[in-house]
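Engineer: requesting a structural model of the entry that follows:
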Amino acid sequence: MRCITIPAIESSAWTTVTVHGNEFQRFAVPTRWLDEKDGLAAALLEYTEGRQPGDTVVVSEKVAVLLLDRWVPVASVRARWDARLIARFVRPGPGARGLSHPEKMQYVINTAGRPRIYAAAAAAALTRPFGIRGAFYRVAPTLARDIDGGRRPYEDKLFPPFTTDEATEICADLELKLGTGVAIVDINDAYGSIRGVSRGALPARLLSDVLVDNPLGQRQTGTPFGIIRPVRRPAPVEGQSGTTKPVHSGAE
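Structural biologist: Residues are numbered from 1 along each chain as shown. Next up, the predicted model:
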């Protein structure tokens, strides 16, 4: 059997977090700037060489949509008067455009239907004078919050989110290629969503807690992938209370 040596990742590059009494190491994987000419599986194989069995490789949803050619050209979406009107009243967060982008608003209207978006806009208009924010997104479908794109360097592209079934299927296929669990995530500094996980990945709810502080960073950081590794503590040796020793397997 041929022995393959996987290069190790410098220990200083990892961060550690404790979740529900268990420790996890996190490594945000830096890459060159990826574009639609790259393949997702090939990029992951190239940039996550330090992965090990038991790891969960996390993938930014936006990059997955881009590399799997699931994005929508902005030029293909014609913003109508109602989309432009509603978009004018959107107040995006710092550094974001959100649905203030008319074509993005039009895509949401086309997908969710006018009645629901009109109802969301009415809810926002009625509650904003009372200082209540976010009513639009509570009435609109999650697509309204999750759709990305329409700003540099992707001003010509929209990135619709995967459905859970789509993301789960993609993760399962990638797990076969990588040999580790895979998760597609949409994490930023405001909120996070685990879109789908493969069988070998950490459970979605646990993974959400492990990634709660957004260790991959924002889009400027160039770290679209990550590796999450559970810290396995040495098993206690029977008869030695309060002490632990590493347990070795195989021949010395």
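Engineer: list the neighbouring strands of the helix or strand bottoming out on mean pLDDT in the chain plus their orientation.
Structural biologist: Lowest on mean pLDDT, DSSP states H and E among the helices and strands of the chain sits strand 148-149, with a mean of 90. Applying DSSP bridges, strand 148-149 is found paired with strand 157-159 (antiparallel).
Engineer: touching whichever helix or strand comes after the strand it pairs with from outside, list them.
Structural biologist: Using DSSP states H and E, the helix or strand that directly follows strand 157-159 along the chain is helix 164-178. Residues from elsewhere that reach helix 164-178, judged by C-beta atoms under 8 Å, 6 or more residues apart in numbering: 40-41, 44-45, 48, 51, 57, 59, 61, 64, 68, 162, 181-184, 195-201. C-betas here are computed from N, CA, C, even on glycine.
Engineer: in helices, which of those residues appear?
Structural biologist: 40, 41, 44, 45, 61, 64 (DSSP state H).
Engineer: residues in contact with the first one?
Structural biologist: Contacts for residue 40 (C-beta under 8 Å, 6+ apart) come out as 59, 63, 64, 67, 68, 174.
Engineer: with the last one instead?
Structural biologist: Taking C-beta under 8 Å, 6+ apart as the contact definition, residue 64 lies against 40, 70, 162, 167, 170, 184.
Engineer: do the same with the second one
Structural biologist: Contacts for residue 41 (C-beta under 8 Å, 6+ apart) come out as 173, 174, 177, 178.
Engineer: could you give the number of residues near the third one?
Structural biologist: By the measure other C-beta atoms under 10 Å, the count of residues near residue 177 is 13.
Engineer: now it: how far from residue 40?
Structural biologist: Distance of residue 177 to residue 40, computed by C-beta to C-beta, to the nearest Å: 10 Å.
Engineer: coming back round to it: narrow the contacts of residue 40 to those that are buried.
Structural biologist: 59, 63, 64, 67, 174 (16 or more other C-beta atoms under 10 Å).
Engineer: who does the spatially closest residue to residue 197 that is not a sequence neighbour bridge with?
Structural biologist: Residue nearest to residue 197 in three dimensions, not counting chain neighbours: residue 183, with 4.4 Å by C-beta to C-beta, 6 or more residues apart in numbering. Going by DSSP bridges, residue 183 is paired in beta bridges with residue 58, residue 197.
Engineer: the residue most central in space within the chain: what's it in contact with?
Structural biologist: The centre of the chain sits closest to residue 185, judged by C-alpha atoms, centre = their mean, with a distance of 2.1 Å. Going by C-beta under 8 Å, 6+ apart, residue 185 touches 58, 59, 60, 61, 192, 193, 194, 195, 207, 211, 216.
Engineer: rebuild those residues as JSON lines, extending it with distance to residue 131 and pLDDT.
Structural biologist: Converted to JSON lines, these look like this (distance: C-beta to C-beta, whole Å; pLDDT from 0 to 100):
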{"residue": "58", "distance to residue 131": "36", "pLDDT": "98"}
{"residue": "59", "distance to residue 131": "38", "pLDDT": "97"}
{"residue": "60", "distance to residue 131": "34", "pLDDT": "95"}
{"residue": "61", "distance to residue 131": "32", "pLDDT": "96"}
{"residue": "192", "distance to residue 131": "26", "pLDDT": "78"}
{"residue": "193", "distance to residue 131": "27", "pLDDT": "90"}
{"residue": "194", "distance to residue 131": "32", "pLDDT": "95"}
{"residue": "195", "distance to residue 131": "32", "pLDDT": "96"}
{"residue": "207", "distance to residue 131": "34", "pLDDT": "96"}
{"residue": "211", "distance to residue 131": "31", "pLDDT": "94"}
{"residue": "216", "distance to residue 131": "33", "pLDDT": "87"}
